[in-house]
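>>> Make a model of this:
(2 chains)
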There are 2 protein chains.
Amino acid sequence: MTREVDVAILGAGSAGLFALSQVKRETDNYVLINGGELGTTCARVGCMPSKVLIQVAEDFHRKSIFEREGIDGAEELSIDIPAGMEHVQDLRDMFVDRTLGVTDALDEDHLIDGYARFVSNDTIEVNGEQIKAKSIVIATGSTPIVPAAWQAFSEDVITTDEFFELEDLPASMAVIGLGSIGLEIGQSLHRLGVQVAAVDQLNTIAKLEDDKVNDIAVATIGKEFPLWLGDAAVLEKVDGGIQVSAGDNQVMVEKVLASLGRRPNLEGLNLDATDIKLDENGIPEYDPLTMQVGDLPVFIAGDVNMDRPLLHEAGHEGRVAGYNAVRHVVDGPVEKFKRKVPLGITFCDPNIATVGLQLSELNKSDIAIGEIQFAPVGRALIMGKNRGLLRLYVQKSDGLLLGACMCCVKAENLAHLIAWSIQNGMTVFDMLKMPFYHPVIEEALQAALYGVLSQLDIKQDLVELERI
Amino acid sequence: MTREVDVAILGAGSAGLFALSQVKRETDNYVLINGGELGTTCARVGCMPSKVLIQVAEDFHRKSIFEREGIDGAEELSIDIPAGMEHVQDLRDMFVDRTLGVTDALDEDHLIDGYARFVSNDTIEVNGEQIKAKSIVIATGSTPIVPAAWQAFSEDVITTDEFFELEDLPASMAVIGLGSIGLEIGQSLHRLGVQVAAVDQLNTIAKLEDDKVNDIAVATIGKEFPLWLGDAAVLEKVDGGIQVSAGDNQVMVEKVLASLGRRPNLEGLNLDATDIKLDENGIPEYDPLTMQVGDLPVFIAGDVNMDRPLLHEAGHEGRVAGYNAVRHVVDGPVEKFKRKVPLGITFCDPNIATVGLQLSELNKSDIAIGEIQFAPVGRALIMGKNRGLLRLYVQKSDGLLLGACMCCVKAENLAHLIAWSIQNGMTVFDMLKMPFYHPVIEEALQAALYGVLSQLDIKQDLVELERI
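Residues are numbered from 1 along each chain as shown, chains lettered A, B, ... in the order given. This is a model prediction of the structure:
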């Protein structure tokens, strides 16, 4: 007999759990189906353990400024890698535990350990049982990409899903793929004393579209350790390790970190049994405002849809998917919800961040660009972190802030201030009327705002003041 | 013969220079009169050198987390104080140089080295010359307070005006007065190995009005070095140093840092010769929206008016005073300008910050308080800085954010996000719809916002989502 539920959620990661939070408000007749280990990508192998590693590496690396500050003994510092990794794992375990609270509270009627596959648009099968659902939420996440050619020496290739399990680090490592996670881990490894070769076939890092910011980022980070850009890495198993070649560069390393991105976990879902239409990348076509797949009783949220693979966006998408999945049950129309202003942060040093619209989405003749080099920024100079660049994309006609791109100290915080300003519809004139304390990194934003004024089609006489 | 000018600005500090920037746009017939050394309080003895000292002390102190992170050798680190102070002074000199650009460009007709005194409402005298001005801007700044009783051993009492000149630090020091500057320097001294006794006659530090935040601040900072609160310090010169007593506490120190606040530089101005009315504290009565003193052709800006002694407020006040001073020349009515949302930051560790309205300005029955302890905040935990408290003051009737008070990591950045939100008129519902990346300290703000929802008179069903 087929079991019938209101909502079936496939995947108990971040997006699935956020969807569940909405579903539970309306019905108890739901099922959460999870294949493999519980615990979110974010807590297990993503945001959280990477930040711990970065923190340890950054604290150790800070010794490079000690001499200028009159602090003696930097040369006596050393890093005990196994102790450092144990610290990473201790915190990681704690963060994972926190995410398990929700699933721990579910009984076996609500939580099924298994991999679901579609039987039809509204029915799935898991562990041999068929479940018919009025709505289905796909939130199955993603898996690191490892090229087939590397299977031959897969024991030497580590993905980010495995990296944080290491008890010790290899003496040398190639990091292939310099998106956020590759950059973050690559720089940290270098700072912890691992011989790092970092490779990307693109000439950009962290997916930067702004050449000027990319140039500063590559120059600043590439001064610390070599970045081989513009050529694909070719790996070859040789005696004693892996030979890595990229263009004219060549090195032998003990291990390879594959940070080439992630693919959606769709393969086992048997989507062929449904009317789901796939786009050119094989992703179900869905409305990002409702998270509904076509006009089916199916919703998709989180990393599996390959758009904005970030925890806070998984939260948004999960909530929308869960809310609309439950509304669909009572036969209500699905509702559209505004997306948040895009916000991406790479926690390398200096941070790289993008906010709002990027250059490829903007018409260059319509925008003015406000720019600030960090060299003279007082607080950055005091911190010894005054290499960087912030660029603001501003609508020429009215001064509306549209987007920003930056590589600089505390970009993670600046990016929030900028993202909120964009989401609030602020112009550069509005922003210049806000308080900027002194001396703070936010003053760099202020300088970039001033820099854009002369390029705008409109002028204000007293930009910092607001008449009553 | 009396020289006649459009505008006379008394004081070439931050406020005076900002006033000048407005005045110069309209007239070349002005005079800037400065007594004593050029260079702003901020750059010479305030914001800037204190931040360098704090940075050195914080970098040195960070060794306390090394063991937990697997970094060995912390015990080998030592601080070379003269080298550290030289670094502070090097950067300080550079920041001072930057502020001198404006005055360096002025000839002797525009810049007079001397102390001005009023002869009448519109005439001043400096170096024996009388100058009649259509408008006068008072921007003479302030001077550290040193009690008369301490004159007997004044060679052992250092003010913040002198502190950053020290080539070495004493082995022990009493810090009397735990406002922002006392706290910042006191904690830094302790971290650099100076034996510090920190005293304030109040039971609060950094002028905190919120007892809960004050309790956390006192507990956290007081764990590092002793804070003697609630009793006035009594100093006595004894063999080998100064005996400091406060209540039951007593210690002998080499030197005393007097950080008891600053008094306005009004004494030499001969205000008796004018119709300027003084308030109960001896400060000219003025309109904070126009900066005009009574209905006289006199304006007052910056630290001398004893309201908001902060660089960014000196900038605001200077601009308004300068703008209105020049308008007054052409007989235009003065204009009123909105004040910025109040923002105060103490750069101790953890930071202390206040934003917007504080408890004494709020009616407790009208507000709900959102609160977050930092102990479980993921990113703070990773940084090893998860002691702290953030409290939000929210209007119960509609969820409007009115103010905030906090002692926590990165409060300097959170305070900007909160101040801008308040100045934008955001409610907690508006704020929860903004992007909060993960894992960032801004998530603590998010948690505090969630915490206030149940206490409000109104509810929203989907607080994080915005329908289209």
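>>> What residues sit buried inside stretch A:170-188?
For stretch A:170-188, the neighbour count (16 or more other C-beta atoms under 10 Å in any protein chain shown) marks A:170, A:172-188 as buried. From N, CA and C alone the C-beta is placed, and that goes for glycine too.
>>> What is the burial count for A:Asp275?
Using other C-beta atoms under 10 Å in any protein chain shown, A:Asp275 has 12 neighbouring residues.
>>> Contact residues of the stretch 351-468 of chain A facing chain B?
A:378-379, A:381-384, A:410, A:412-413, A:415-417, A:419-421, A:423-424, A:426, A:433-442, A:462, A:464-468 (C-beta under 8 Å from any C-beta of the partner chain).
>>> Selection in PyMOL covering whichever of these are buried, please.
With 16+ other C-beta under 10 Å as the criterion, this PyMOL line picks the buried residues out of these:
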select buried, chain A and resi 378+379+381+382+383+410+412+413+415+416+417+419+420+421+423+424+426+433+434+435+436+437+438+439+440+441+442+462+464+465+466
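>>> which residues does whichever residue of the stretch 151-300 of chain A sits closest to chain B contact?
Distances between the stretch 151-300 of chain A and chain B by C-beta to the nearest C-beta are smallest at A:Leu289, namely 6.4 Å. Counting by C-beta atoms under 8 Å, 6 or more residues apart in numbering or on different chains, A:Leu289 touches A:Val320, A:Lys336, A:Phe337, A:Lys338, A:Arg339, B:Ile468.
>>> among those residues, who's most crowded?
Neighbour counts for these (other C-beta under 10 Å) peak at A:Val320, which has 30 neighbours.
>>> check which helix or strand covers that residue.
Element membership of A:Val320, judged by DSSP states H and E, is helix A:311-329.
>>> Is the helix or strand following that helix positioned near chain B?
Using DSSP H and E, the helix or strand that directly follows helix A:311-329 along the chain is strand A:343-346. Yes. Strand A:343-346 lies within reach of chain B by C-beta under 8 Å from any C-beta, at A:Leu343, A:Ile345.
>>> Work out the sheet partners of strand A:343-346 and label each with its direction, please.
strand A:351-356 (antiparallel) (DSSP bridges).
>>> Tell me the buried residues in the strand it pairs with?
Buried residues in strand A:351-356 (16+ other C-beta under 10 Å): A:Asn351, A:Ile352, A:Ala353, A:Thr354, A:Val355, A:Gly356.
>>> May I see those organised as CSV, with distance to A:Asn305 and pLDDT added?
What follows is these, written out as CSV (distance: C-beta to C-beta, whole Å; pLDDT from 0 to 100):
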residue, distance to A:Asn305, pLDDT
A:Asn351, 26, 98
A:Ile352, 24, 98
A:Ala353, 23, 98
A:Thr354, 20, 98
A:Val355, 21, 98
A:Gly356, 21, 98
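>>> ok, so of these, who is nearest A:Ser154?
A:Ile352 (30.4 Å; C-beta to C-beta).
>>> tell me which residues form a beta bridge with that closest one?
Beta-bridge partners recorded for A:Ile352 (DSSP bridges): A:Thr346, A:Cys407.
>>> Could you pull up the residues touching it?
Taking C-beta under 8 Å, 6+ apart as the criterion, A:Ile352 is in contact with A:Ser180, A:Leu183, A:Ile205, A:Ala206, A:Leu208, A:Val213, A:Ala217, A:Ile345, A:Thr346, A:Met406, A:Cys407, A:Ala411.
>>> Now restrict those residues to buried residues only.
So, by 16+ other C-beta under 10 Å, the buried ones in the contacts of A:Ile352 are A:Ser180, A:Leu183, A:Ile205, A:Ala206, A:Leu208, A:Val213, A:Ala217, A:Ile345, A:Thr346, A:Met406, A:Cys407, A:Ala411.
>>> Arrange those in JSON lines, one row each, with pLDDT and distance to A:Leu310 as further columns.
Shown next, in JSON lines, are these (pLDDT from 0 to 100; distance: C-beta to C-beta, whole Å):
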{"residue": "A:Ser180", "pLDDT": "96", "distance to A:Leu310": "10"}
{"residue": "A:Leu183", "pLDDT": "98", "distance to A:Leu310": "16"}
{"residue": "A:Ile205", "pLDDT": "98", "distance to A:Leu310": "18"}
{"residue": "A:Ala206", "pLDDT": "97", "distance to A:Leu310": "13"}
{"residue": "A:Leu208", "pLDDT": "98", "distance to A:Leu310": "17"}
{"residue": "A:Val213", "pLDDT": "98", "distance to A:Leu310": "19"}
{"residue": "A:Ala217", "pLDDT": "98", "distance to A:Leu310": "19"}
{"residue": "A:Ile345", "pLDDT": "98", "distance to A:Leu310": "9"}
{"residue": "A:Thr346", "pLDDT": "98", "distance to A:Leu310": "11"}
{"residue": "A:Met406", "pLDDT": "98", "distance to A:Leu310": "17"}
{"residue": "A:Cys407", "pLDDT": "98", "distance to A:Leu310": "19"}
{"residue": "A:Ala411", "pLDDT": "98", "distance to A:Leu310": "15"}
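>>> Phi, psi for A:Leu402 please.
Main-chain torsions, A:Leu402, degrees, to the nearest 10: phi -110, psi -30.
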